[in-house]
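Participant: Provided below are the primary sequence and the corresponding predicted coordinates.
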Amino acid sequence: MKKKPIIRYVTIAAFLMLPLGAVYLYKKQSEKTQNEDSYEVGDENLDEIVDGIHVRTGLVAADGLQEVITNCTTCHSSKLIVQNRMGKEQWNATIRWMQETQGLWDLGDNQKIIVDYLTTNYPVFKKGRRAALRDIEWYTLDSD
């Protein structure tokens, strides 16, 4: 009887374990995402502020925060708010667009509060993606 190399057994075991590992990782990621997105009434850290940041949303704790949470994060993530830095005219135009095409309700007096909050805490950047490099000590690479 011929002995089969151990590498064959290890290879077969690896191929059998691969799908199990993928399922395990998928379930862990699903649980993590579900835990991050689900907050139940009574959670003690639901409205916790740490270092000036609202923990659940990641938004700056300032006047107008509650209006932004109530009217904006009902439909989309606060991350969308943080990454879209606009001026007052741009925010008002975006709100009109959301009302005309996305079903956003009339914000009434809250619109001014929300726009003021956004332009104060997430102002337009005046520079590009990153600041220009300055005071760099360049060196020559040796080619051997």
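Facilitator: Noted; the coordinates are in hand. Numbering: from 1, shown residues only.
Participant: if you go through this structure in chain order, where are the strands?
Facilitator: For the chain, the strands defined by DSSP state E occupy 49-50, 53-54.
Participant: Any idea how many residues pack against the closest residue to Gln102 other than its chain neighbours?
Facilitator: Nearest residue to Gln102, sequence neighbours excluded (C-beta to C-beta, 6 or more residues apart in numbering): Cys75, at 7.3 Å. Glycine gets a C-beta too; all of them are placed from N, C-alpha and C. Counted with other C-beta atoms under 10 Å, residues neighbouring Cys75 total 11.
Participant: Then the one 10 residues further on?
Facilitator: By the measure other C-beta under 10 Å, the count of residues near Arg85 is 15.
Participant: Please apply the same query to Ile113.
Facilitator: 18.
Participant: got it, and Pro19?
Facilitator: By other C-beta under 10 Å, 9 other residues sit near Pro19.
Participant: Distance of it relative to Gln29?
Facilitator: Counting by C-beta to C-beta, to the nearest Å, the gap from Pro19 to Gln29 is 16 Å.
Participant: What segments of this structure are helices?
Facilitator: Residue ranges of the helices in the chain, as given by DSSP state H, are 6-37, 65-71, 78-83, 88-101, 110-121.
Participant: Any idea which of those has the lowest pLDDT on average?
Facilitator: Per-stretch mean pLDDT for the helices of the chain is lowest at helix 6-37 (a mean of 72).
Participant: Give me the buried positions along that one.
Facilitator: By neighbour count with 16 or more other C-beta atoms under 10 Å, helix 6-37 contains no buried residues.
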